Each structure stands twice: as C-alpha cells, then as structure tokens.
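Student: the following comprises the amino acid sequence and a computationally predicted model.
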Amino acid sequence: MAEIKCAKCGANIPEKAAFCPACGAPKVEEQPQPKASAPTPKSEPQPSKSIPELINSIFTEPNMFIMIPLGILIACIGGLIYLFSGSVTGLRAGMIVNVFGCLLIGMFLLMGGITIKNYDKFVRLGMIVGGVIMVTWTLSIPA
Ligand SMILES: [Zn+2]
C-alpha cells in the first residue's frame with residue numbers, strides 16, 4: 001500500500017503505523033492543505049431598525065395611499081354589518097370592524113402626517129378621525 005513519507009525525517013512510514021519507525025515522529029498524513037478559507041462572512045443579522053426608521057418605512061406615502069382606502073373600506077364594511085345586522089352580536093362585530101377601519105385610517109393619517117413632512121393637514125385629519133373613534137367608542141360602551 002502507499003507509504004507516507006515522514007514529515008520530519010523523510011523516511012517511509014507504513015500506512016498503518018502511527019509513528020515514524022525511523023525517528024518516532026507522529027505520522028502526519030500529507031493532506032492537501034485546506035485552503036485557508038477566508039472566514040466565511042457571517043451573515044450578519046439585519047441591524048434592527050431603530051423605531052423612527054421603522055415608522056418611516058411603514059408610513060410611507062405609497063403605503064398611505066393603500067392603507068387609507070383600505071381603512072375606509074373596512075370601516076364601510078363594518079358600518080354595513082352594523083346597519084344590516086339584527087343581532088346584538090352582529091352590531092358589536094360591525095362596530096368593532098368599523099372602529100378598526102377608522103383606527104387604520106386615523107393611524108395612517110396621523111403617522112403619515114408626521115413622517116411625510118409637508119402633510120400637516122393629514123395630521124389634523126388624523127386627529128379628527130381619532131376623535132371620532134373615541135366618541136364612537138364612548139357611545140358604544142353599553143351604559
Ligand atoms: Zn521520521
């Protein structure tokens with residue numbers, strides 16, 4: 001079988017031997033040196049966005065134009081459920097859906113107004129919607 005040369009003295013070492021018979025050096029098998037692989041760049045965890053950045057990334061102008069109509073739609077659906085339901089459960093469900101929609105509108109108007117600098121009017125609108133939500137909630141709490 002193939003013999004391995006001793007790394008120290010160059011003598012042939014039988015394959016099964018653990019030490020060089022000539023000099024006693026431990027057998028070091030000649031192995032292709034594993035290429036000093038550059039330390040694999042650890043996939044760095046995404047630096048967690050700071051909250052302002054996160055807010056800025058959520059409440060963008062395109063998102064507002066999606067979420068506000070969506071909020072209006074949800075609010076309308078809730079309103080319809082509220083109007084056409086006969087049961088108390090239906091009324092409550094409609095109310096909750098409606099408020100959720102209003103909340104969505106209000107939140108995006110308000111936050112959009114803050115993040116998109118020249119949208120002050122949306123902030124005011126958001127406050128109005130927020131006020132409406134509060135009034136709705138207040139009125140909806142059964143006495
Ligand atoms: Zn040797």
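Tutor: Received the coordinates, thanks.
Student: can we go C-alpha only for contacts and neighbour counts from here?
Tutor: Noted.
Student: since we're on the residue nearest to Lys5 when sequence neighbours are not counted, how many residues are nearby?
Tutor: Nearest non-adjacent residue to Lys5, counting by Cα to Cα, 6 or more residues apart in numbering: Asn12, 4.5 Å away. Residue neighbour count, defined by other Cα atoms under 10 Å, stands at 15 for Asn12.
Student: hmm, Phe19 and Asn12 touching each other?
Tutor: No: counting by Cα atoms under 8 Å, Asn12 stays clear of Phe19, with 10.5 Å between them.
Student: for the lowest-mean-pLDDT helix or strand in the chain, C-alpha coordinates in PDB please.
Tutor: Ranked by mean pLDDT, DSSP states H and E, the weakest helix or strand in the chain is helix 120-140, scoring a mean of 75. The C-alpha trace of helix 120-140 is given here as PDB (Å, rounded to 0.1, in the frame of the first residue of the first chain):
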ATOM      1  CA  ASP A 120     -49.700  68.600   8.200                       C
ATOM      2  CA  LYS A 121     -53.300  68.600   7.000                       C
ATOM      3  CA  PHE A 122     -53.200  64.800   7.300                       C
ATOM      4  CA  VAL A 123     -52.200  65.100  10.900                       C
ATOM      5  CA  ARG A 124     -55.200  67.300  11.600                       C
ATOM      6  CA  LEU A 125     -57.400  64.900   9.700                       C
ATOM      7  CA  GLY A 126     -56.000  62.000  11.700                       C
ATOM      8  CA  MET A 127     -56.800  63.800  14.900                       C
ATOM      9  CA  ILE A 128     -60.300  64.300  13.700                       C
ATOM     10  CA  VAL A 129     -60.700  60.700  12.800                       C
ATOM     11  CA  GLY A 130     -59.100  59.800  16.200                       C
ATOM     12  CA  GLY A 131     -61.600  62.000  17.900                       C
ATOM     13  CA  VAL A 132     -64.400  60.300  16.000                       C
ATOM     14  CA  ILE A 133     -63.100  56.900  17.100                       C
ATOM     15  CA  MET A 134     -63.000  58.000  20.700                       C
ATOM     16  CA  VAL A 135     -66.600  59.300  20.500                       C
ATOM     17  CA  THR A 136     -67.700  56.200  18.800                       C
ATOM     18  CA  TRP A 137     -66.200  54.000  21.500                       C
ATOM     19  CA  THR A 138     -67.600  56.200  24.200                       C
ATOM     20  CA  LEU A 139     -71.100  56.000  22.800                       C
ATOM     21  CA  SER A 140     -70.800  52.300  22.000                       C
END
